[in-house]
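> Would you be able to build a 3D model of this:
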Amino acid sequence: MAKQSRNDKRLARHRRVRRNLSGTPQKPRMCVYKSLRNISVQVIDDVSGHTLVAASSLDKDIRKDKPYGGNKDAAKVVGESIAKKALAKGIEEVAFDRGGYLYHGRVKELADGARGAGLRF
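A predicted model of the protein is given here:
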């Protein structure tokens, strides 16, 4: 039996969490994706299947402040950015979907940045 890769294990955790977590128009889902060099986040309404707002360490305004997006400082800035965009669209509360990643490091910093900027979850 072949050993599962780390990403296969993450995807299994993600599927398991997604069985019980869904975004609604009143409380959309905030989904995190991270790679080795960048981190991105989307606020998604799963009922209509639309991304309401998105932010990434690849965005130009974030990229000029934090050229490398694979660290905790960049993740915190991305969290603050998504919170500002969501609040501008009238979204105050979200369901946090960590994407199967462990809640520490960059994922935790992104969540803390979003909470610090006024987003509730």
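> for this structure, which residue is closest to the average position?
Centroid-nearest residue in the chain, with Cα atoms, centre = their mean: Val32, separated by 2.7 Å.
> Look at the residue nearest to that one when sequence neighbours are not counted and give its secondary structure.
Leaving aside its sequence neighbours, Val32 sits nearest to Gly99 (Cβ to Cβ, 6 or more residues apart in numbering; 4.7 Å). The C-beta positions use only the backbone N, C-alpha and C, and glycine is treated the same way. When classified by DSSP: H, G, I helix; E, B strand; the rest coil, Gly99 comes out as coil.
> ranges for the helices of this protein?
For the chain, the helices defined by DSSP state H occupy 6-18, 60-65, 72-88, 106-116.
> who wins for proximity to Val47 among the ones you listed?
helix 6-18 (14.5 Å; Cβ to Cβ).
> Tell me the buried residues in that closest one?
Buried residues in helix 6-18, counted by 16 or more other Cβ atoms under 10 Å: 10, 14.
> That helix packs against which elements?
Using 3 or more Cβ pairs under 8 Å, 6 or more residues apart in numbering; DSSP states H and E as the contact definition, helix 6-18 packs against no other helix or strand.
> so what's Arg10 up against?
99-101 (Cβ atoms under 8 Å, 6 or more residues apart in numbering).
> still on that earlier bit, burial of the residue nearest to Val32, as a residue count?
18 (other Cβ atoms under 10 Å).
> Could you give the number of residues near the closest residue to His14 other than its chain neighbours?
Nearest non-adjacent residue to His14, counting by Cβ to Cβ, 6+ apart: Gly100, 3.3 Å away. Neighbour count of Gly100, defined by other Cβ under 10 Å: 18.
> Next: Ala95.
Around Ala95 there are 17 residues (other Cβ under 10 Å).
> Can you tell me how far it is from Tyr68?
Applying Cβ to Cβ, to the nearest Å, the value for Ala95 to Tyr68 is 29 Å.
> Surely Ile82 and Met30 touch.
Yes. With contact defined as Cβ atoms under 8 Å, Ile82 counts as touching Met30 (7.1 Å).
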